[in-house]
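A.B. asks: Just to be clear, the model below is a prediction. Sequence and coordinates:
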Amino acid sequence: MSRNYLPAVLLIVALACCMVCGCTSEATPADTTPVAGEAKSVESLVVYCGAGLREPMDEIAQVYQEQTGTEIKYTYSGSAQLLSQIELLQEGDCYMPGAKSYIDSADEKGFINSSEQTIYHVLAIAVAPGNPKNITTLADLTNDSIRVAIGEPTGPAVGKAAKKMLEKAGYWEDMQDNIVVQSGTVNELLVYMNMEQADAAIIWEDLLDNSDLEQVNIPINEGFIKVIPVGTLSFSENPDDAQAFATFVSSDDGKAIFAKHGFEIYPCAKYENA
């Protein structure tokens, strides 16, 4: 190449580089700057939930995430254990135990912002298919050789409720020799029954909806029927999102999912005087 053409070539290369750099610097910020005031749902919420509510609550979480983009991260356990976790950690967004008394206890400790009524929890007696022991009443659970499974009275809501019901009916003391299992969660009662380690279990009736076990109803005037609420936690870092989820759980759409899983939804005429 002639030496006379070298300066011209260098000038052309320099101008081309400047044009490329100029185009690059103008395009980048225009594509990445967020819109001022744009609302965005929180990525996830932590919900403490009674183990007996797992199936409907799992479905509710799936539907809610599809609608809002918010993932629901559950901690499932017995209601008393969950309350201890909440008190120890003091973090999370919502609490839905198996009995209102646990929400009341959490509220007394200053952990609850608000709560909403959702469903009924109703105790029933689960027996083996065909009811081979012919158990038809609570009184039958005191008969000789009847093996009974209940929830731990100081643990899950089902255990606390069973003891309260049996004490009110006057059968608690007479039944002590028949109790062979006191479980830490309500779902364990189904396991013991299916393994034929008990002849009867006192359990929430909704858990028997898709079970091979038979259900023996307990009369309303003798049984345990309570309304279950969902509460938002006072130390939630996302209080508006926590409230939105609690509102969805207790909405018509949320209650329809509970009904599909065998729950009586609140309110209903059947239990209005219970």
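C.D. replies: Received the coordinates, thanks. Numbers count the residues shown, from 1 in each chain.
A.B. asks: ok, which stretches of the chain are helices?
C.D. replies: 6-32, 54-68, 79-89, 100-108, 157-169, 186-194, 239-249, 252-260 (DSSP state H).
A.B. asks: Just confirm E205 contacts I125, I think it does.
C.D. replies: No - counting by Cβ atoms under 8 Å, no contact exists between E205 and I125, whose distance comes to 9.3 Å. C-beta: built from backbone N, CA, C; applies to glycine.
A.B. asks: Identify the contacts common to those two.
C.D. replies: Counting by Cβ atoms under 8 Å, 6 or more residues apart in numbering, the contacts common to E205 and I125 are 215, 217.
A.B. asks: rewinding a little: would you mind giving the helices of the chain as JSON lines with mean pLDDT, mean neighbour count and distance to N217 added?
C.D. replies: Formatted as JSON lines, these follow (pLDDT from 0 to 100; neighbours: other Cβ atoms under 10 Å; distance: least, Cβ to Cβ, whole Å):
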{"stretch": "helix 6-32", "mean pLDDT": "39", "mean neighbour count": "9", "distance to N217": "62"}
{"stretch": "helix 54-68", "mean pLDDT": "97", "mean neighbour count": "17", "distance to N217": "21"}
{"stretch": "helix 79-89", "mean pLDDT": "96", "mean neighbour count": "18", "distance to N217": "24"}
{"stretch": "helix 100-108", "mean pLDDT": "96", "mean neighbour count": "18", "distance to N217": "22"}
{"stretch": "helix 157-169", "mean pLDDT": "96", "mean neighbour count": "22", "distance to N217": "13"}
{"stretch": "helix 186-194", "mean pLDDT": "95", "mean neighbour count": "20", "distance to N217": "17"}
{"stretch": "helix 239-249", "mean pLDDT": "98", "mean neighbour count": "19", "distance to N217": "27"}
{"stretch": "helix 252-260", "mean pLDDT": "97", "mean neighbour count": "16", "distance to N217": "18"}
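A.B. asks: wait, A201 sits on A149?
C.D. replies: Yes - in this structure A201 lies within contact range of A149 using Cβ under 8 Å: 4.1 Å.
A.B. asks: Between those two, point out the one with more neighbours.
C.D. replies: A201 (30 against 25; other Cβ atoms under 10 Å).
A.B. asks: Could you check how far that one is from L207?
C.D. replies: 10 Å (Cβ to Cβ, to the nearest Å).
A.B. asks: Overlap in contacts, the two.
C.D. replies: 189-190.
A.B. asks: Keeping just the C-alphas, turn stretch 50-57 into CSV.
C.D. replies: Extracted in CSV, the C-alpha atoms of stretch 50-57 (Å, rounded to 0.1, in the frame of the first residue of the first chain):
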residue,chain,number,x,y,z
GLY,A,50,-51.9,-27.5,59.7
ALA,A,51,-51.0,-30.8,58.3
GLY,A,52,-54.6,-31.9,57.8
LEU,A,53,-55.2,-29.0,55.3
ARG,A,54,-52.4,-30.1,53.0
GLU,A,55,-54.4,-31.3,49.9
PRO,A,56,-56.7,-28.2,49.4
MET,A,57,-53.9,-25.8,50.4
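A.B. asks: contact partners of it?
C.D. replies: By Cβ under 8 Å, 6+ apart, stretch 50-57 touches 47, 49, 74, 76-79, 82, 96-98, 121, 156-158, 185-187, 204, 206-207, 228, 249, 257-258, 260-261, 263.
A.B. asks: just to revisit the earlier point, out of E205 and I125, which sits in the more crowded spot?
C.D. replies: Legend: neighbour count by other Cβ under 10 Å for E205 and I125, higher for I125 (25 against 22).
A.B. asks: is it true that that one touches A200?
C.D. replies: Yes - using Cβ under 8 Å, I125 is in contact with A200, at 5.4 Å.
A.B. asks: Pull up the overlap in contacts between those two.
C.D. replies: Common contacts of I125 and A200 (Cβ under 8 Å, 6+ apart): 135, 141, 216.
A.B. asks: Nothing else from me, thank you.
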